[in-house]
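# I'll drop the sequence and a predicted model, then ask my questions.
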Amino acid sequence: MSDLDKESLDAIERRLAARTAHAPPTGHRDRVLAAVRDTLAGRGAPRATPAGLEAGGTAALVVLALSALLAVAAPWLVVTQAAGLTSPEPRIVAQARAAGIDFPVERVAMSCPAREASSRAAMSDLPGRRHEAWWLRTFLTGDL
Amino acid sequence: MAATLAESLAAGDPEAFAALYDRLAFRLLGAARTMTGSAAEAEDVVQDLFVELARGRARLAAVGDLEAYVFTMLRNAVCRRGRRAALDRRAMHAIAAGRPETGAVATAAAELPDDALAAAVATLPEAQREVVALKIDAGLTFAEIAAVTGTSLNTVASRYRYALDKLRTALADREDDR
C-alpha cells in the first residue's frame, strides 16, 4: 500500500470514528434498565417467538400423533374390511339365513367389480401405508 | 472484563446490568446504528439485547469473554431484525406491487450525522458494514471481530480493507459530482 493510499484510508477511518462520537440518547438508559428490571421480576412480556414455536410445536405433535394413529389404523381397517371382518353382515343376509336360505355372499361380493377393484387398490397400497406408519412411529419415538 | 460482573449479571443483580450499560452502551449503540443505519432502530436493538441478557442471565456465569458475547448477541439481534425487515418489505411490495424496493439501511442513512459518509456506509455489503461497525464503533480488535462473526482473522481484515476502499471511492465520487 502506498503512503498516499494509507493516508487516505486513515482519513476515512478518522472520519468514521468522529461520526460515532455521540452519547446514548436521553432516557435510553432508564428505559433499558426499567425493561431489565421488569424482566428480572418476571413482569416482562412473554417472548412472542418461543411461545409461538411452543404452541406450534404442540399442535404439530398432536397432528403427527393423529396422523400416526391414522396411518397405523388405516391399513388394519383396510385389511379387516377386505376380509369382511369388520363389515356388519347385511340385514338381508341375516334375514335370509333366519328364513333358512343360504345367501351367496361371496359370489355377490365377487360379482361386484367396483368393490373388488377398490379392495385390490387398497391392498396394493398396503406396503406404502405400512412404510408411512413405520416412519411416523420412528419419528415420534425419536429413533431416527 | 471482570468475571464478577458476569456472575452478578447471572445472579440477576439490576446494578450489574446498569454497570454493563454504562460500560458498553456507547459502543453498542454506535455499532448497532452503523449496522442498521438508523439511530431509532439501534436504540431498540440495544434495549432488546439487554432484555435478552436478563432473560438468559443463567448462561452468563459460564461466559468467558462477556464483551465478545454481548457483541455477538448484538450482531444476531441486528441480523434477526434485518431478516424481519426484509420480510416486511416483501409483504409490503406484495401489497403495493410496482413500487421500487429500497433497502432499510439505505433509506435510513440520512438519519445519521455526516450524511455523505452515512450514505456511503449504507452502500457497503452487509458483511463489510458489520466489520466497520465492530471495529470503529465497538472498538473491537480484528481477533475479537473474528470471534464475534465466526470468521477468520484474514477475512475480517480483508473485509475492513475493502470497506475503507469502497468508502474512499464513494466519497471521492460524491465530491466529484459537486
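Received the coordinates, thanks.

# in the host helix or strand of B:Val121, what's buried?
In this structure, B:Val121 sits in helix B:115-122 according to DSSP states H and E. Residues of helix B:115-122 classed as buried by neighbour count (16 or more other Cβ atoms under 10 Å in any protein chain shown): B:117-122. For glycine as for every other residue, the C-beta is placed from the backbone atoms N, C-alpha and C.

# show me which residues of chain B sit near chain A.
Contacts of chain B with chain A, taken as Cβ under 8 Å from any Cβ of the partner chain, map to B:12, B:14, B:17-18, B:21-22, B:25-26, B:29-30, B:33-34, B:39, B:43, B:46-47, B:50-51, B:53-55, B:57, B:112-114, B:117-118, B:121, B:132, B:136-137, B:161, B:164-165, B:167-168, B:171.

# mind redoing it with 6 Å?
B:12, B:14, B:17-18, B:21, B:25, B:29-30, B:43, B:47, B:50-51, B:54-55, B:113-114, B:117, B:136-137, B:164, B:167-168 (Cβ under 6 Å from any Cβ of the partner chain).

# ok, the buried residues of helix B:115-122 vs A:Ala133, which is closest?
Nearest to A:Ala133 among the buried residues of helix B:115-122 is B:Ala122, at 54.9 Å by Cβ to Cβ.

# I figured the closest one was touching B:Thr36, is that so?
No. Contact status for B:Ala122 versus B:Thr36: not in contact, 10.0 Å apart, counting by Cβ atoms under 6 Å.

# burial of A:Ser67, as a residue count?
Counted with other Cβ atoms under 10 Å in any protein chain shown, residues neighbouring A:Ser67 total 14.

# so it, which of the three states?
A:Ser67 falls in the helix class when you classify it by DSSP: H, G, I helix; E, B strand; the rest coil.

# where does the prediction get shaky in the chain?
Unless you meant another one, I'm taking chain A. Scanning chain A for pLDDT under 70 picks out the ranges A:1-4, A:20-22, A:43-58, A:77, A:79-93, A:103-125, A:127-128, A:132, A:135-144.

# looking at chain B here, not the other one
The model of chain B has pLDDT under 70 over residues B:1-3, B:84-114, B:174-178.

# in it, which spans are helices?
B:3-10, B:14-36, B:39-55, B:66-95, B:104-108, B:115-122, B:126-132, B:142-149, B:153-177 (DSSP state H).

# walk me through the domains of chain A.
Domains of chain A are assigned by automatic domain parsing as A:1-45, A:49-144.

# closest one of the buried residues of helix B:115-122 to chain A?
Proximity of the buried residues of helix B:115-122 to chain A (Cβ to the nearest Cβ) peaks at B:Leu117, which lies at 5.8 Å.
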